[in-house]
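Q: sequence and predicted model, in that order:
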Amino acid sequence: MDTEAQSTQDFSDEEVEILQEIMNIAFGQSASDLAEVIDTQVVLAVPFIKIMQVPELPVYIKENVKKYKQISIVEQKFWGKLKGDALLIFSSGSGKALIKMLQSDDRQGMDTGPVDILERETLMEVGNILIGACVGKLAELLHDIVTYTPPLVLVEKEYEEAITSGHYDPEKTAIVLKTDFLFERGNVSGFLFLVTSNESIKWLRDALKIFIEQYE
């Protein structure tokens, strides 16, 4: 294992604890922002943090989603001092359930057009809110500014097809920040993963150190 990859394995317990707390705040912000749009509470579990080599990532994600027959994915890249990929993985049927939620709120324009197009647009809208608020709050707390690429959406795919081993650079190390989420209305659930690689890790550790020093 090279030095750069090894460094990601050496996060102290304090660094992991602080990163987990920051992510908890960020995920809370994303849940709050989304609740304002769809008028239902979104419950997010305390984020779980795991550091691994990128080739392990597809297996890890598959182990977490294999209980779902099919999944839908919203993927969005973010760029700043912290950069990486956000993967929002929805359980089967989530797109249609979200459409019903938005329709029940009398939102104009959600009840016309082919279902598959509405499903894709709805997942994209919800994904934009969750990912944008979460990553944006994380960047804000660590004094960074991020920009985003347009999201990519995969609707109702077998998880073996949706998550492939060649998706990420095998030479990189991933910090996986995962939370489970559950919509109280509509039976929608899934996972949010943030994956950042070696390029951001030194900055992230330095930013965490500065963040910790504010409270000492």
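A: Done, it's in. Numbering: from 1, shown residues only.
Q: next, count neighbours for the closest residue to residue 146 other than its chain neighbours.
A: Excluding the flanking residues, the one nearest residue 146 by CB to CB, 6 or more residues apart in numbering is residue 80, at 3.7 Å. Any C-beta I mention is one placed from the backbone N, CA and C, and that applies to glycine too. By the measure other CB atoms under 10 Å, the count of residues near residue 80 is 18.
Q: and residue 80, what does it touch?
A: By CB atoms under 8 Å, 6 or more residues apart in numbering, residue 80 lies in contact with 139, 144-147.
Q: make TSV out of the residues you listed and add secondary structure, pLDDT and distance to residue 175.
A: Output for the contacts of residue 80, formatted as TSV (DSSP: H, G, I helix; E, B strand; the rest coil; pLDDT from 0 to 100; distance: CB to CB, whole Å):
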residue	secondary structure	pLDDT	distance to residue 175
139	helix	91	15
144	coil	94	15
145	coil	94	20
146	coil	95	15
147	strand	96	20
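Q: name the SS class of the residue minimising distance to the centre of the chain, please.
A: Geometric centre of the chain, nearest residue: residue 192, 3.3 Å, by CA atoms, centre = their mean. When classified by DSSP: H, G, I helix; E, B strand; the rest coil, residue 192 comes out as strand.
Q: how near is it to residue 75?
A: Look at residue 192 and residue 75: by CB to CB, to the nearest Å, they are 11 Å apart.
Q: repeat for residue 140
A: 22 Å.
Q: who's more crowded, those two?
A: Each of residue 140 and residue 75 has its neighbours counted (other CB under 10 Å); residue 75 has more, 20 against 14.
Q: which residues touch the more buried one?
A: Contacts for residue 75 (CB under 8 Å, 6+ apart) come out as 85-88, 151-154.
Q: those in helices, which ones?
A: Among the contacts of residue 75, none falls in helices (DSSP state H).
Q: low-confidence ranges, this structure, go.
A: In the predicted model of the chain, residues 1-10, 103-115, 159, 162-167, 186-187, 216 satisfy pLDDT under 70.
Q: the strands in it, which residues?
A: Here the chain has its strands, by DSSP state E, at 42-44, 48-53, 71-79, 84-91, 147-148, 152-157, 173-183, 188-196.
Q: where do the helices sit along the protein?
A: 3-8, 13-38, 57-65, 94-104, 115-141, 159-162, 198-213.
Q: outside of stretch 23-31, which residues touch it?
A: Counting by CB under 8 Å, 6+ apart, 41-44, 46-47, 49, 129-138, 141, 177, 179, 181, 192, 194 sit against stretch 23-31.
Q: all set now, cheers.
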